[in-house]
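*Asks:* Return a 3D structure for these sequence lines:
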Amino acid sequence: MSFVDKEQLEPGCAVLLNHKNHAVIGVLADDTDPMVSVMKLEKAPQETYADVGGLDQQIQEIKESVELPLTHPEYYEEMGIKPPKGVILYGCPGTGKTLLAKAVANQTSATFLRIVGSELIQKYLGDGPKMVRELFRVAEENAPVLMATNRIESLDPALIRPGRIDRKIEFPLPDEKTKRRIFQIHTSRMTLSDDVNLEEFILAKDELSGADIKAMCTEAGLLALRERRMRVTMEDFQKSKENVLYRKKEGAPEELYL
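*Replies:* Numbering: from 1, shown residues only. Purely as a prediction, here's the structure:
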């Protein structure tokens with residue numbers, strides 16, 4: 001079974017197979033690493049800028065550095081300047097880097113690659129570096145490149161020097177204004193009890209990230225459902241916050257997005 005044109009299938013060519021029924025779903029170029037090809041997300045991300053709470057400055061910088069060169073390259077030509085080859089988003093985990101990268105991919109129909117560090121460690125000597133080279137070749141073909149990492153200090157300075165990565169955009173933990181906007185986004189469709197006071201969480205000095213706030217709202221809703229209630233109470237939010245902060249201390253695996 002095949003989902004590609006038969007004329008593209010030749011003896012000895014490399015193909016992508018569906019892991020369940022072994023149907024041919026794509027043909028690989030001779031120099032393409034199949035491991036890199038499967039990192040591409042075929043479905044365009046559904047996230048939009050409206051899903052991002054706050055981060056107005058970061059959104060503006062990304063629009064100028066990534067979206068504008070893709071949608072209106074003539075503006076750069078008229079100004080006589082070259083658009084950035086690469087942009088890196090950095091900051092603490094959960095501050096909106098991946099969410100904003102997905103929103104840009106949605107807005108521009110760009111290629112989105114999901115990469116887990118452990119996938120770059122291969123069984124045979126030399127396979128890992130080969131995959132990294134292929135990964136960057138694919139990224140270069142789809143320039144400008146937008147990358148996101150939690151630990152910019154651990155990257156080789158040669159990788160992020162001007163000429164390769166021309167724009168560095170920091171994502172700090174949300175301030176009170178941004179927290180308020182994030183809570184509004186994630187509670188807009190929830191039914192809250194009269195005793196719920198979100199300002200208590202907004203003003204607290206607990207270093208909640210945007211992802212923490214989203215998880216907190218989701219878990220508060222689940223706690224209410226567990227007790228067969230359709231209204232979320234202040235106690236639900238307090239318990240969910242404790243659970244989110246507890247899990248945060250345990251840590252999570254690192255991921256890099258291109």
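*Asks:* tell me the secondary structure for Tyr90?
*Replies:* strand (DSSP: H, G, I helix; E, B strand; the rest coil).
*Asks:* and the residue nearest to the spatial centre of the chain, what pLDDT?
*Replies:* For the chain, the residue whose C-alpha lies nearest the mean C-alpha position (Cα atoms, centre = their mean) is Thr98; its distance is 2.1 Å. Per-residue confidence for Thr98 comes out at a pLDDT of 87.
*Asks:* Hmm, it is touching Thr149, no?
*Replies:* No - with contact defined as Cβ atoms under 8 Å, Thr98 and Thr149 do not form a contacting pair (10.2 Å). Using the backbone N, CA and C atoms, a C-beta is placed for each residue, glycine as well.
*Asks:* related to what we said a few turns ago, the residue nearest to the centre of the chain: which element?
*Replies:* Secondary structure from DSSP states H and E places Thr98 in helix 97-108.
*Asks:* Please parse the protein into its domains.
*Replies:* 6-30, 49-172, 176-247 (automatic domain parsing).
*Asks:* Which of the ones you listed has the lowest mean pLDDT?
*Replies:* For the domains of the chain, the stretch scoring lowest in mean pLDDT is domain 6-30; its value is a mean of 63.
*Asks:* how far away is Ile81 from Ile160?
*Replies:* Remark: distance between Ile81 and Ile160 (Cβ to Cβ, to the nearest Å) = 20 Å.
*Asks:* Of the two, give the one with the bigger neighbour count.
*Replies:* The residue with the greater number of neighbours, taking Ile81 and Ile160 and applying other Cβ atoms under 10 Å, is Ile160; the counts read 17 against 9.
*Asks:* three-state assignment of that one?
*Replies:* Using three-state DSSP, the secondary structure recorded for Ile160 is coil.
*Asks:* List the residues that contact the nearest residue to it once chain neighbours are set aside.
*Replies:* Closest residue to Ile160 apart from its sequence neighbours, by Cβ to Cβ, 6 or more residues apart in numbering: Ile88 at 5.9 Å. Remark: with contacts taken as Cβ atoms under 8 Å, 6 or more residues apart in numbering, Ile88 is in contact with 146-149, 152, 160, 165, 167-169.
*Asks:* how does it look with 7 Å?
*Replies:* The contact partners of Ile88, by Cβ atoms under 7 Å, 6 or more residues apart in numbering, come to 147, 149, 152, 160, 165, 168.
*Asks:* How much space separates the closest residue to Gln46 other than its chain neighbours from Arg226?
*Replies:* For Gln46, the nearest residue in space outside its immediate sequence neighbours is Asn106; the separation is 6.6 Å by Cβ to Cβ, 6+ apart. Between Asn106 and Arg226 the distance is 33 Å, computed by Cβ to Cβ.
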